[in-house]
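Q: pasting a predicted model and its sequence here:
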Amino acid sequence: MAAVTYLTRLPLVFLARRRAKLPKAVDRMLEQIPLAAFAAIVFPAVLQPDGRTDLKASNLYLWAAAVTVAAAVAVPRSLIVPLTMGVTTAVVLHLLFS
Amino acid sequence: MTDAVTPRAEVRQGIRESIPLGFALLPIGLAFGYGAHVVGLSWWIAGLMSVLVYGGPSQFIATGLVAVGAGIPSIVATTFVANLRYSLFTASLAPFLRDAPRGRLLWLCQAVADGSYALTLAHAHEHPKRPRKDRYLLGSFYVSFGAWISSSVAGALIGDSLPEPIAFGLRFATPAIFIAFLIPYVRDLRAVGVVLVAGGVTVLGNEYLPTGTGPLVAIVLAVTLGGLLWPTRPR
């Protein structure tokens, strides 16, 4: 597990040594990676909290996510504010509705 | 703007700005350690896995596979596929690390996990003129690695004994912090499209594709659509 995981990280070493400019299309694809990667973490964590897709209003993480998005938009460049708002919302909703 | 900082200050900034990430990692590490304990792995195996693999989702998948009695080859193969997204992360970070010493990159690539990747990339975009982004990554690695290992071991030893409302809330720490990472990148319609494709395909993939492949398929698809096919106006 360790060895194959290390392999997946090696592009850091050899791509950092390339001085040549990358083609524009590759550049544009690299720009999309954080967007796609973070969405691939957030969506299942919110929409499939127990492994099954749950789009009903009773899925409390949907509401917590809405609060977190609002907090992240309202306080740009902050991690602490959306993090605490989101977690607190989830705790409070669980106390109220579960 | 001179924007010059000492090497140690750069590492310290990486440490400081990663503290929220460290907190967000604790409940997941606890859950992983506890899950490992439940399927019969001892605390030091859980800890060792966190040190050597250091890839959250793949470690969860591995414990799941251990539970169903899967063999080593299928665990290794699944790990590789689940962690291939690190190749995308490292490829997207590499252009900012051209001035880092190669020897350091050889081991510092181990630092590229989801959270430190997000922080270091944001840092690189914010301070394009500053040299040696590897120092920031190193600082972030200290916090993230420390939080991940200590919480995995703690989870295996003491279990996941938090009261349910708190545990429920803490499980939301990961999506919450990654929402905070994601929002600054959502600046135009293309970004919205990439987010929806990546998120939607991951959710569908988790339902219908083999374990661990959903996110990778989704990211590759979204990056290709967003980077190559989305019409771009000349800038």
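A: Great, that's in hand.

Q: just the strands from chain B, written as ranges.
A: Assigned by DSSP state E, chain B shows no strands.

Q: buried sites along the longest helix along it?
A: With DSSP state H setting the assignment, residue counts place helix B:133-158 as the longest helix in chain B. Judged by neighbour count using 16 or more other C-beta atoms under 10 Å in any protein chain shown, the buried positions of helix B:133-158 are B:133-145, B:147-156. Every C-beta, even on glycine, is put in place using the N, C-alpha and C of the backbone.

Q: what does stretch B:210-224 give?
A: Along stretch B:210-224, these residues count as buried under the neighbour rule (16+ other C-beta under 10 Å): B:212, B:214-223.

Q: now it, how far from the centre of its chain.
A: Computed by C-alpha atoms, centre = their mean, to the nearest Å, the chain-centroid distance of stretch B:210-224 equals 15 Å.

Q: can I get that stretch as PDB, trimmed to CA atoms?
A: These are the backbone C-alpha positions of stretch B:210-224, laid out as PDB (Å, rounded to 0.1, in the frame of the first residue of the first chain):
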ATOM      1  CA  PRO B 210     -16.000  -0.600  -8.200                       C
ATOM      2  CA  THR B 211     -14.800   0.700  -4.700                       C
ATOM      3  CA  GLY B 212     -12.400   3.500  -4.900                       C
ATOM      4  CA  THR B 213     -12.600   4.300  -8.600                       C
ATOM      5  CA  GLY B 214     -15.500   6.800  -8.500                       C
ATOM      6  CA  PRO B 215     -13.600   9.900  -7.400                       C
ATOM      7  CA  LEU B 216     -10.800   9.200  -9.900                       C
ATOM      8  CA  VAL B 217     -13.100   8.700 -12.800                       C
ATOM      9  CA  ALA B 218     -15.000  11.800 -11.900                       C
ATOM     10  CA  ILE B 219     -12.000  14.000 -11.500                       C
ATOM     11  CA  VAL B 220     -10.400  12.900 -14.700                       C
ATOM     12  CA  LEU B 221     -13.700  13.400 -16.600                       C
ATOM     13  CA  ALA B 222     -14.300  16.800 -15.100                       C
ATOM     14  CA  VAL B 223     -10.800  18.000 -15.700                       C
ATOM     15  CA  THR B 224     -10.900  16.900 -19.300                       C
END
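
Q: so who does the spatially most central residue of chain A touch?
A: Ranked by distance to the mean C-alpha position of chain A (C-alpha atoms, centre = their mean), the top residue is residue A:38 at 3.2 Å. Under the criterion of C-beta atoms under 8 Å, 6 or more residues apart in numbering or on different chains, the neighbours of residue A:38 are B:118, B:178-179, B:181-182, B:185.

Q: what pLDDT does it get?
A: Residue A:38 is assigned a pLDDT of 93 by the prediction.

Q: and the closest residue to residue B:149 other than its chain neighbours, how many residues sit next to it?
A: Spatially, and ignoring its direct neighbours in sequence, residue B:149 is nearest to residue B:50 (4.8 Å; C-beta to C-beta, 6 or more residues apart in numbering or on different chains). For residue B:50, the count of nearby residues is 25 (other C-beta atoms under 10 Å in any protein chain shown).

Q: what's the spacing between residue B:50 and chain A?
A: Using C-beta to the nearest C-beta, to the nearest Å, residue B:50 is found at 11 Å from chain A.

Q: ok, residue B:178 touching residue B:118?
A: Yes. Between residue B:178 and residue B:118 there is a contact at 7.3 Å, judged by C-beta atoms under 8 Å.

Q: can you narrow the buried residues of stretch B:210-224 down to the ones near chain A?
A: Cross-checking the buried residues of stretch B:210-224 against chain A (C-beta under 8 Å from any C-beta of the partner chain) gives B:214-215, B:218-219, B:222-223 as the overlapping residues.

Q: got any ranges where chain A has weak pLDDT?
A: Where chain A drops to pLDDT under 70, the residues are A:19-20.

Q: now do 80
A: Under the criterion of pLDDT under 80, the regions of chain A flagged as low confidence span A:17-22, A:98.
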